[in-house]
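In: predicted model follows, preceded by the sequence.
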Amino acid sequence: MNAAPSEAATSAPADPAASAARVVVLAGGLSHERDVSLRSGRRVAEALRGAGIEVTVHDVDADLIPALTQTRPDLVWPLLHGATGEDGSVRDVLELLRVPYLGTDPRASRLAWSKPVAKTVVTRAGLATPEFVTLPQSLFRELGAGRVLDAIVDRLGLPLVVKPSRGGSALGVTLVGTAAELARSMVDAFSYGDTALVERAVAGREVAVSVVEDRGGPRALPAVEIVTEGPYDYDARYNPGRTEYFAPARLDAREQAAVAAMAVTAHQALGLRHLSRTDLIVDDDGVPHFLEVNVAPGMTETSLFPQAAAAAGHDLGSLYRDLVDRALADATATR
Ligand SMILES: Nc1ncnc2c1ncn2[C@@H]1O[C@H](COP(=O)(O)OP(=O)(O)O)[C@@H](O)[C@H]1O
Ligand SMILES: [Mg+2]
């Protein structure tokens, strides 16, 4: 594990009208998505500096708590993907230290991070999501893998998607077309965590809808459509060229309204704050199906959130600065 040195460089505010905030961007961490997080952190820091905000990028390491308690930044922006960044635990520490941060609180982060929990919460809010089962590895072994898999195929049919119940960047996710492939896909999912989620595969157009609370209540940015040759896996996400994006997505007005409503409803039902991104599939009848929601969506050069912002005509620096201003105002209001 490389302990990347924390970036100490800061820049002076260029725009006198911009917030005078000192922001610490948290990037890196020890998850499988460390590299993506570092790239997200760099991009957000650059955009904020361009908007006149003083930014330091810091890793999650043994220096973090002393750095935060000594420098007392105005705001922390956690850009950590995977495990402790999105499961709420780093945010819990920020609350312990009474350091204001941008984004969802630890409690709601925990709900969103668990795909089965998030699916249950949004179902109660009236959203459609593929039918699913959640299986811990121990139960799978105790009951006999073969019997459990047969029961799943009998009940849910094929094709299925198997994924770790918590995770990101499509790591451990498999589209399963035949019963024979199911056992192998479970093993892949279990290599990323002790619980797997098995759900019906939905055929249709895959879109991601980002939600921001910059000024008023939550609003959806234009949907971004994802078209890949094979699966939308790690390689397809982070290597430019393997995936074609349409921003805005090729949806008719009714579909656009439906996916925007789904993302805003998921954001509100789960109690998310400031920004989120909902991943969903629009089936051939134009009906959206919720897959999952991210409290720390990717912000790299090929990521969906910045593409959605651009499709809405937002300058990234201005949008991120508005989010910082909003988070600062919320922190002041709750102090
Ligand atoms: N039920 C499903 N039907 C069809 N494709 C799916 C389904 N679930 C996931 N996928 C595909 O797998 C990818 C990763 O799944 P997702 O639930 O978004 O997890 P992650 O947290 O890894 O992004 C999606 O972007 C989509 O391409
Ligand atoms: Mg996803």
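Out: That came through fine. Numbers count the residues shown, from 1 in each chain. Ligands and ions are numbered 1, 2, ... in the order given.

In: so Ala327 sits in a strand?
Out: No: counting by DSSP: H, G, I helix; E, B strand; the rest coil, Ala327 is not part of a strand but helix.

In: which residues does it contact?
Out: Leu75, Trp77, Pro100, Tyr101, Leu102, Gly103, His274 (Cβ atoms under 8 Å, 6 or more residues apart in numbering). C-beta: built from backbone N, CA, C; applies to glycine.

In: the residue nearest to it when sequence neighbours are not counted: how many residues sit nearby?
Out: Distances taken as Cβ to Cβ, 6 or more residues apart in numbering put Leu102 closest to Ala327, at 3.9 Å, once the chain neighbours are dropped. Residues lying near Leu102 (other Cβ atoms under 10 Å) number 23.

In: look up how far Val176 lies from Leu102.
Out: 38 Å (Cβ to Cβ, to the nearest Å).

In: most neighbours among the contacts of Ala327, please name it.
Out: Trp77 (28 neighbours).

In: ok, which stretches of the stretch 201-335 of the chain are strands?
Out: Assigned by DSSP state E, counting those that start in this stretch, the stretch 201-335 of the chain shows strands spanning 205-212, 219-220, 224-228, 243-246, 275-282, 288-294.

In: and Val25, which of the ones you listed is closest to it?
Out: strand 275-282 (13.9 Å; Cβ to Cβ).

In: tell me the domain boundaries of the chain?
Out: Using automatic domain parsing, the domains assigned to the chain come out as 22-102, 111-127+203-319, 132-200.

In: now the residue nearest the centre of the chain: closest residue in space that isn't a chain neighbour?
Out: When Cα atoms, centre = their mean is applied to the chain, the residue found nearest the centroid is Asn294 (2.5 Å). Spatial nearest neighbour of Asn294, excluding adjacent residues (Cβ to Cβ, 6+ apart): Arg277 at 4.8 Å.

In: tell me which residues form a beta bridge with that neighbour?
Out: Here Arg277 sits in beta bridges with Ser210, Asn294, going by DSSP bridges.

In: verify the stated contact: it with Val212.
Out: No: assessed by Cβ atoms under 8 Å, Arg277 is found out of contact with Val212, at 9.9 Å.

In: need the residues of the stretch 151-300 of the chain near ligand 1, please.
Out: By Cβ under 6 Å from any ligand atom, the part of the stretch 151-300 of the chain that sits against ligand 1 consists of 161, 163, 167-170, 173, 199, 201-202, 206, 232, 279, 281, 291-292.

In: try 8 Å
Out: Proximity of the stretch 151-300 of the chain to ligand 1, by Cβ under 8 Å from any ligand atom, involves residues 159-161, 163-164, 167-173, 175, 199-203, 206, 208, 226, 228, 231-233, 279, 281, 289, 291-292, 294.

In: show me which of the residues you listed are buried.
Out: The neighbour count (16 or more other Cβ atoms under 10 Å) marks 160-161, 163-164, 167-173, 175, 199-202, 206, 208, 226, 232-233, 279, 281, 289, 291-292, 294 as buried among these.

In: helices along the stretch 151-300 of the chain, start to end?
Out: Using DSSP state H, counting those that start in this stretch, the helices of the stretch 151-300 of the chain run over 179-190, 234-238, 253-269.

In: report the angle between the longest one and strand 224-228.
Out: Same thing as helix 253-269. 100 degrees (axes from the mean of the first three to the mean of the last three Cα atoms, to 10 degrees).

In: what's helix 253-269 in contact with?
Out: 118, 121-122, 124-127, 207, 209-211, 218-220, 222-223, 248-249, 251, 272, 276-278, 280, 282, 286-288, 290, 293.

In: where does the stretch 1-150 of the chain dip in pLDDT?
Out: Residue ranges of the stretch 1-150 of the chain with pLDDT under 70: 1-19.

In: got the residues of it near ligand 1?
Out: Lys115, Pro130.

In: in the stretch 1-150 of the chain, which residue sits nearest ligand 1?
Out: Residue nearest to ligand 1 within the stretch 1-150 of the chain: Pro130 (4.3 Å; Cβ to the nearest ligand atom).

In: what sits against that residue?
Out: Counted by Cβ under 8 Å, 6+ apart, Pro130 has contacts Val161, Glu199, Arg200, Ala201, Val202, His289, Leu291.

In: tell me how far the last one lies from Arg250.
Out: If I follow you right, that is Leu291. 19 Å.

In: over to Tyr192?
Out: 32 Å.

In: who has more neighbours out of those two?
Out: Legend: neighbour count by other Cβ under 10 Å for Tyr192 and Arg250, higher for Tyr192 (19 against 13).

In: surely that one and Gly167 touch.
Out: Yes: between Tyr192 and Gly167 there is a contact under Cβ under 8 Å: 5.2 Å.

In: who touches both of the two?
Out: Counting by Cβ under 8 Å, 6+ apart, the shared contacts of Tyr192 and Gly167 are His32.

In: give me the distance between stretch 270-284 and the centre of its chain.
Out: 9 Å (Cα atoms, centre = their mean, to the nearest Å).

In: got it, and stretch 107-116?
Out: Using Cα atoms, centre = their mean, the offset of stretch 107-116 from its chain centre is 11 Å.

In: same question, stretch 307-325
Out: For stretch 307-325, the distance to the chain centre is 17 Å (Cα atoms, centre = their mean).
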